[in-house]
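Visitor: one predicted model, sequence on top.
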Protein chains: 2
Amino acid sequence: MRSAVQQSGTSFDPARIRHPHFRDLLTDAATAVSRIEDGDTVAISGFASAGTPKAFAPALAERMRTVRAAGGRLRVNLLTGASVSNEVEAMLAEVGGVDLRMPYQSEPTARRAINEGRVDYVDIHLSHVAQQVWEGYYGNVDVAVVEVAAVTDDGKLVPAMSVGNNKTWLDVADKVILEVNSWVPLGVEGMHDVYYRTALPPERRPIMLTRPDDRIGQAHLEVDPAKVIAVVPTDRQDSASALTEPDETSRAIAGHVVEFFRQEVERGRMPAGSLLPLQAGIGNVANAVLSGLEAGPFENLTCYSEVIQDSMLRLIREGKVAHASATSLALSQAGLEELVDNIDLYRDHITLRPQEISNHPEIVRRLGIIGMNGMLEADVYGNVNSTHVCGTRIMNGIGGSGDFTRNGYVSMFLSPSTAKGGAVSAIVPMIPHVDHTEHDVQVIVTEHGLADLRGLSPRKRARLVVDNCADPAYRPLLHDYLDRANARPDAGNTPHMLEEAFSFHTRFAATGSMLE
Amino acid sequence: MRSAVQQSGTSFDPARIRHPHFRDLLTDAATAVSRIEDGDTVAISGFASAGTPKAFAPALAERMRTVRAAGGRLRVNLLTGASVSNEVEAMLAEVGGVDLRMPYQSEPTARRAINEGRVDYVDIHLSHVAQQVWEGYYGNVDVAVVEVAAVTDDGKLVPAMSVGNNKTWLDVADKVILEVNSWVPLGVEGMHDVYYRTALPPERRPIMLTRPDDRIGQAHLEVDPAKVIAVVPTDRQDSASALTEPDETSRAIAGHVVEFFRQEVERGRMPAGSLLPLQAGIGNVANAVLSGLEAGPFENLTCYSEVIQDSMLRLIREGKVAHASATSLALSQAGLEELVDNIDLYRDHITLRPQEISNHPEIVRRLGIIGMNGMLEADVYGNVNSTHVCGTRIMNGIGGSGDFTRNGYVSMFLSPSTAKGGAVSAIVPMIPHVDHTEHDVQVIVTEHGLADLRGLSPRKRARLVVDNCADPAYRPLLHDYLDRANARPDAGNTPHMLEEAFSFHTRFAATGSMLE
């Protein structure tokens, strides 16, 4: 069907590059990365592993190795949508090629480099990235590297499996490298809604999106052809997310969430059938919660989120979800195949937008998002740590969890009550790193139950979190802490004992367990 | 000029109550509060001391005392805009009449009751109050008590010196008590812009406000006359804020802020003359910063904030500020007199809106607010504690600081570098209560300097905060903490030593000073 054409020594599919100017720029990745210079700020596509450029990173890592072997230096500042594929993140971290990383990572090699102080990491809300780059907080963006599905005959770009910050990267970068990926089905064209009317203040205007399925922009990305320095063909698929089937713990969490929704409907706080638009973070627990909706009483659901996982595809196919809006796909191998094989179905029920819009405070507040995100740990008062193990070592960035938590309608944090076989409790007296404050966290859920913190004072929240969410093995320790903190003459509105607030964490460091 | 008319034993000014139905409801406060029952949720007007009902609280406190003396019980849940006048807050706290308090307080007697666990306090963002009450998180609202300037001849209400949540209180309450205050100049009519098109999702629509001086609502509040159970005339002025003239410390802070603005303009991040809309918290430092703009190079400034302080009146009078939008006034005695005497001038340059709109995430993001708020302390990584002394005892609520910090364009926190004569440092290794996270705090300012944290990794932020903002007496201690934390093998992205992270606070508790 597709005829590969040879040009400049590089084969390409003419259906993928329909504009002659872009065909003239065809080259291989090694040639493209020769334009990257030491100290460059390089902004690449990719959000939750979808849409990461496939040819660029290996070629850049190889060049970094060569330059270093010759006694030179080649390091870059790396900006992305959110996470990129683990392979790419690891490749660039292993070669020591990154000075500064922004805004999100969750890959072990990069994480180690950050925790050892070899990479500067800036962990900001995903809805803030585009405006902060426009404002120049990260200096000049020298090169954008963006994966696309195709170049249209009028020189526009068909986005691939994520949008992320690609609009912004293409707009602000001095030079652009495009990767045209023939693995992405051409049927993806029309799935995207790229909004081009954001601006810096005082020129900002209302964003007229009022439903998850509204289309307010255009299907294509734009790029100034004069900035494009290379077009690199690839055919590698997006890397697959490592999703597992829901286990007993995540099914129990899902059960509590579905029951909560049922009660909220009963109280008249959410529309009976369709609830309000759902946001769910990445990972097995979020995937399980959405799976839990398959059996539930809800119909005609919508999703307004960052990512779409496998369970969402099933909900769409079963007609439970009418429309899902996101900025990216985070699918397993089976999910990727399901999507590619049925792209015409999913194109009608999925809209991929820039992350500036998928996570936008204005839209999140207006739509009344139900935010459901994972966490590392919560304290008894409802503060949440999403990022730092024992307060110091980063696990991953905050991502978009703050965008949905802060401005959404209901904010929920979900986690198994323990980790490491019970040696770590997800409920602790005080967390040593706060990503979401008591003012923003409304509901905490573990497999043991759900704590609805809304309208409660700190003292009441504390007992509820312990009784409903903590693992039974940890409840006596937590109540003992609270009892003694409450008994102090200066107990205050939020009773704590600072000298032992982190006793769970220091005990874990000393003994390998938070249990006494 | 004004002729007082006698009706139902209560004198009133006919220009103030122009509708016969409301005149028929005239009564005194003692009679009005006889309708308050034990367990009622009572929502009163008042934001930053402006617009607090004046006759209601003394009468209610008196009735509480009487009921208790007779062996009965009369306690209420008290909802407000933000703070109410200290007098009213203290009066109800002293008589032990409050079960639950929401959303903000900053008065010593109420604070003590909260810290001793006698009052449940729920500390939420001011932009969330209206929607959470609509959702029913605080149960049924039994009675609204709202101060107004007048009742129009078609039964609408001219708001007084604050709007706060009054629209919501009037809408949701079963019963309404109005206080008509003849101290408020009638010329205030037209200063307010009450937006009636907020809704709960999925019915929310874009709020079409794009400039601080836009008017998108109506000048009057509405009330269902059938719900009004009493109209109480008063003539007492709003209580005055205790503002002091800027001292050397606050002038130094203001100097750093103005210089920062100058640099931001130079970098092309803000319009040269008018900057972006300013938000400033309540208090002497904020007042001093705005005063610092009097001499600065900026013209045609605007303000989109919660409160208007004395300095803003001066900036308006001098033509430096073209328009100021807020939900309330927090003026000194001199400021109150200046406003009342020149109401026609200020009505043209000030718009008072519901706090749902003054603090709305959608608007705050769109306008690109420059948020400037005070703090109790910051840690070296840029987390901010606005509310809790030593992590346990609440000082005041978070108020609107989170609304502007989270969604604004630039978020700044300002504080003297020390308190209690140097015994307390505003910069500490770790804060024991986090109200604003490292993801949201961008700039920290003390009299010693300004730390611009944007685009920096935690390790870089830490040294900058210490060197630029900490008092020189504390810098060696802070660097020593960081040196040792950084030297640990598991230092991580955010180096800390949990066992001595609160050493400043525990030392203060033990010795009365954070200094060694």
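Guide: Sure, I can see it. Numbering: from 1, shown residues only, chains lettered A, B, ... in the order given.

Visitor: burial count for A:Ser241?
Guide: 23 (other CB atoms under 10 Å in any protein chain shown). Any C-beta I mention is one placed from the backbone N, CA and C, and that applies to glycine too.

Visitor: OK, contacts around it?
Guide: Counting by CB atoms under 8 Å, 6 or more residues apart in numbering or on different chains, A:Ser241 touches A:48-49, A:282, A:309-310, A:330-332, A:335.

Visitor: mind listing the strands in the stretch 401-516 of chain A by residue range?
Guide: Secondary structure of the stretch 401-516 of chain A (DSSP state E, counting those that start in this stretch): strands at A:410-414, A:418-419, A:424-425, A:427-428, A:443-446, A:449-452.

Visitor: mind putting the ones you listed in TSV, mean pLDDT included?
Guide: Formatted as TSV, those follow (pLDDT from 0 to 100):
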stretch	mean pLDDT
strand A:410-414	98
strand A:418-419	98
strand A:424-425	98
strand A:427-428	98
strand A:443-446	98
strand A:449-452	98
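
Visitor: mean neighbour count added to these, as TSV?
Guide: Listed next are these as TSV, based on neighbours: other CB atoms under 10 Å in any protein chain shown:
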stretch	mean neighbour count
strand A:410-414	26
strand A:418-419	18
strand A:424-425	26
strand A:427-428	28
strand A:443-446	26
strand A:449-452	22
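
Visitor: make CSV from the ones you listed and add distance to B:Ser401 to it.
Guide: Shown next, in CSV, are the strands of the stretch 401-516 of chain A (distance: least, CB to CB, whole Å):
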stretch, distance to B:Ser401
strand A:410-414, 19
strand A:418-419, 34
strand A:424-425, 31
strand A:427-428, 26
strand A:443-446, 24
strand A:449-452, 25
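
Visitor: for the helix or strand hosting A:Leu339, packing partners?
Guide: Using DSSP states H and E, A:Leu339 sits in helix A:333-341. Applying 3 or more CB pairs under 8 Å, 6 or more residues apart in numbering or on different chains; DSSP states H and E, one finds that helix A:333-341 contacts helix A:310-317, strand A:328-329.

Visitor: go again with 10 Å.
Guide: helix A:310-317, strand A:328-329, helix A:343-349 (3 or more CB pairs under 10 Å, 6 or more residues apart in numbering or on different chains; DSSP states H and E).

Visitor: avg pLDDT for that helix?
Guide: Mean pLDDT, helix A:333-341: 97.

Visitor: then stretch A:303-312?
Guide: Averaging pLDDT along stretch A:303-312 gives 95.

Visitor: how many neighbours does A:Asp490 have?
Guide: 12.

Visitor: top helix in chain A by residue count?
Guide: Scanning chain A for the helix with the most residues, using DSSP state H, yields helix A:248-266.

Visitor: save the helices and strands packed on helix A:333-341 as CSV, and put in mean neighbour count too.
Guide: Output for the helices and strands packed on helix A:333-341, formatted as CSV (neighbours: other CB under 10 Å):
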stretch, mean neighbour count
helix A:310-317, 22
strand A:328-329, 30
helix A:343-349, 17
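
Visitor: do I have it right that A:Ile124 meets A:Arg101?
Guide: No: contact criterion CB atoms under 10 Å: A:Ile124 and A:Arg101 do not qualify, at 11.4 Å.

Visitor: more neighbours: the two, which one.
Guide: A:Arg101 (25 against 22).

Visitor: quick revisit: shared neighbours of A:Ile124 and A:Arg101, anything?
Guide: Residues within reach of A:Ile124 and of A:Arg101 at once, by CB atoms under 10 Å, 6 or more residues apart in numbering or on different chains, are A:Gly397.

Visitor: quick check: residues of the stretch 101-250 of chain A near chain B?
Guide: Within the stretch 101-250 of chain A, the residues that sit near chain B (CB under 10 Å from any CB of the partner chain) are A:101-103, A:111, A:114-117, A:119-125, A:127-128, A:131-139, A:199-212.

Visitor: check the stretch 251-400 of chain A too.
Guide: Counting by CB under 10 Å from any CB, the stretch 251-400 of chain A sits next to chain B at A:264, A:267-271, A:274-277, A:302, A:360-370, A:381, A:383, A:386-395, A:397-398.

Visitor: run a quick neighbour tally on A:Asp153.
Guide: Count around A:Asp153 with other CB under 10 Å applied: 10.

Visitor: A:Ala423 now?
Guide: For A:Ala423, using other CB under 10 Å, the count is 14.

Visitor: list the buried residues for the host helix or strand of A:Arg68?
Guide: If you go by DSSP H and E, A:Arg68 is part of helix A:56-69. Residues A:56-61, A:63-64, A:67 are the ones in helix A:56-69 that count as buried (16 or more other CB atoms under 10 Å in any protein chain shown).

Visitor: per-residue confidence at A:Gly9?
Guide: For A:Gly9, pLDDT reads 52.

Visitor: drop anything exposed from the residues of the stretch 251-400 of chain A next to chain B.
Guide: Among these, those scoring as buried are A:264, A:269-271, A:274-277, A:302, A:360-370, A:381, A:383, A:386-395, A:397-398 (criterion: 16+ other CB under 10 Å).

Visitor: from those residues, which ones fall inside helices?
Guide: Assigned to helices by DSSP H, the following of those qualify: A:264, A:361-367.

Visitor: before we move on, back to that, compute the inter-axis angle for the longest helix of chain A and strand A:410-414.
Guide: 160 degrees (axes from the mean of the first three to the mean of the last three CA atoms, to 10 degrees).

Visitor: next structured bit after helix A:248-266?
Guide: Heading C-terminal from helix A:248-266 (DSSP H and E), you reach strand A:278-280.

Visitor: now that next one: how far from the chain's centre is it?
Guide: Once both centres are worked out by CA atoms, centre = their mean, to the nearest Å, strand A:278-280 turns out to sit 12 Å from its chain's centre.

Visitor: what's that strand packed up against?
Guide: So strand A:278-280, by 3+ CB pairs under 10 Å, 6+ apart, packs with helix A:284-295, strand A:301-304, strand A:307-308, helix A:310-317, strand A:321-326, strand A:370-374, helix A:401-407, strand A:410-414.

Visitor: now it: average pLDDT?
Guide: 96.

Visitor: how about stretch A:43-61?
Guide: 96.

Visitor: which residue, other than its chain neighbours, is closest to the residue of the stretch 401-516 of chain A found nearest chain B?
Guide: With CB to the nearest CB, the shortest gap between the stretch 401-516 of chain A and chain B falls at A:Gly492, namely 3.3 Å. Leaving out its chain neighbours, the residue that sits closest to A:Gly492 by CB to CB, 6 or more residues apart in numbering or on different chains is B:Thr392, at 3.3 Å.

Visitor: all set now, cheers.
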